[in-house]
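J.: What would the 3D arrangement of this be:
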Amino acid sequence: MANPWTGEVAVVLDGQRHVAKLTLGALAELEAVLETGTLIELVERFEAGRFSTRDVLALLVAGLRGGGWQGSAADLRCVEIGGGPVEAARVAAELLARAFSVPGEA
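T.: A predicted model of the protein is given here:
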């Protein structure tokens, strides 16, 4: 089970449950991948519902890598994400919320 107190979020890839977490290193990787803007701008895009599939993919990869997964964005293009694109977007948003808030405040 994912631990919200440590910022963890569960995501299912090809039927296997993984834990995703935006660690400081994962956030640094995420900033490098996004190339433009800040993490605050990314949060604002999610809050306004203006995020892109690229944002979702970058967040999922960063979170999964923060949780110990060794894959890449190319690997995610070939897997079945439990719940499909809608669940992927929900997980991405939850990763952001948990990274920048205390559980119970998000």
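
J.: Quick check: nearest residue in space to residue 20, chain neighbours excluded?
T.: Leaving aside its sequence neighbours, residue 20 sits nearest to residue 63 (C-beta to C-beta, 6 or more residues apart in numbering; 3.3 Å). All C-beta spots, glycine's among them, are computed from the backbone N, C-alpha and C.

J.: What number of residues are in the vicinity of the one you found?
T.: The burial count assigned to residue 63 is 30, neighbours taken as other C-beta atoms under 10 Å.

J.: What ranges does the protein have for its helices?
T.: Assigned by DSSP state H, the helices in the chain fall at 24-34, 39-48, 53-66, 73-76, 84-99.

J.: right, so those: which one is the most enclosed?
T.: helix 53-66 (a mean of 22; mean count of other C-beta atoms under 10 Å).

J.: In PDB, list the C-alpha atoms belonging to it.
T.: Output in PDB follows, covering the C-alpha atoms of helix 53-66 (Å, rounded to 0.1, in the frame of the first residue of the first chain):
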ATOM      1  CA  THR A  53       0.000  14.300 -21.900                       C
ATOM      2  CA  ARG A  54       3.700  15.200 -21.900                       C
ATOM      3  CA  ASP A  55       3.300  16.600 -18.300                       C
ATOM      4  CA  VAL A  56       1.500  13.500 -17.200                       C
ATOM      5  CA  LEU A  57       4.200  11.200 -18.700                       C
ATOM      6  CA  ALA A  58       7.000  13.200 -17.200                       C
ATOM      7  CA  LEU A  59       5.400  13.200 -13.800                       C
ATOM      8  CA  LEU A  60       4.700   9.400 -13.900                       C
ATOM      9  CA  VAL A  61       8.300   8.700 -14.900                       C
ATOM     10  CA  ALA A  62       9.700  11.000 -12.200                       C
ATOM     11  CA  GLY A  63       7.400   9.500  -9.600                       C
ATOM     12  CA  LEU A  64       8.100   5.900 -10.500                       C
ATOM     13  CA  ARG A  65      11.800   6.500 -10.600                       C
ATOM     14  CA  GLY A  66      11.500   8.200  -7.200                       C
END
